[in-house]
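Q: Got a predicted structure plus its sequence, pasted below:
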Amino acid sequence: MLPIITDLALLRQPCAWVLAETPIDNLVRDLFRELQEHGAQGLSANQIGPHLRVFVMAMNEQPPICLVNPVILKAKGHQTFEEGCLSLPDQFYVVTRAMMVVIRGEDQHRQAVKLRFSGPGARTALHEYDHLGGRLTIDVGKPLTGPRPQRVRANPPSLMWGNPKLPDRNP
Ligand SMILES: [Zn+2]
């Protein structure tokens with residue numbers, strides 16, 4: 001298990017766009033493994049080291065997905081929930097995010113994809129997207145004062161276009 005980065009100065013540095021020639025296979029493999037080992041819903045590259053715009057997400061009983069260079073195309077509605085973060089152990093913040101989001105990017109094979117997330121999936125995707133910009137729940141939310149939230153896994157996103165095989169198998 002790799003250590004999760006908790007240094008706020010590092011986490012607040014925005015990540016770089018992944019170039020076509022940037023090798024990411026090892027990074028993606030590490031992200032999928034750490035996501036599973038930590039039982040997390042999402043994990044971004046800069047939480048384990050590389051400052052690159054890559055994150056992975058776990059979904060309800062489905063293989064996890066990877067998004068490289070994600071760009072938000074559309075966001076609708078609002079939802080307000082408590083969120084934890086592996087980089088902020090035992091700290092929960094109440095965060096308002098979009099209820100539905102459409103994100104364009106690439107999968108782990110660098111194939112272009114466009115995905116639509118809603119509910120918990122939108123929340124997780126936006127949480128991880130924030131990480132890539134150096135934003136944390138402590139920057140966008142309010143401290144939770146009540147009991148800790150229960151974990152809810154995200155439903156799979158719906159593929160709008162791109163690689164029809166997505167979500168791919170966890171390597
Ligand atoms: Zn986080």
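A: Received, thanks. Numbering: from 1, shown residues only.

Q: Which other helices and strands does the helix or strand bottoming out on mean pLDDT in the chain contact?
A: Ranked by mean pLDDT, DSSP states H and E, the helix or strand of the chain with the weakest confidence is strand 158-162, at a mean of 79. Judged by 3 or more CB pairs under 8 Å, 6 or more residues apart in numbering; DSSP states H and E, strand 158-162 is in contact with strand 112-118. In short, each C-beta sits where N, CA and C put it, glycine included.

Q: quick one on the thing from earlier: tell me the angle of the least confident helix or strand of the chain relative to strand 112-118?
A: Here the directions of strand 158-162 and strand 112-118 differ by 160 degrees (axes from the mean of the first three to the mean of the last three CA atoms, to 10 degrees).

Q: Spit out the contact partners of the residue most central in space within the chain.
A: Taking CA atoms, centre = their mean, the centroid of the chain lies closest to residue 128, which sits 3.0 Å from it. Listed by CB atoms under 8 Å, 6 or more residues apart in numbering, the contact set of residue 128 reads 42-44, 55-57, 67.

Q: hmm, which two among those are most spread apart?
A: Using CB to CB, the two most remote members of these are 43 and 67, lying 11.5 Å apart.

Q: Common neighbours of those two, please.
A: Shared contacts of residue 43 and residue 67, defined by CB under 8 Å, 6+ apart, are found at 55-56, 128.

Q: Please report the distance of residue 122 from residue 91.
A: Using CB to CB, to the nearest Å, residue 122 is found at 22 Å from residue 91.
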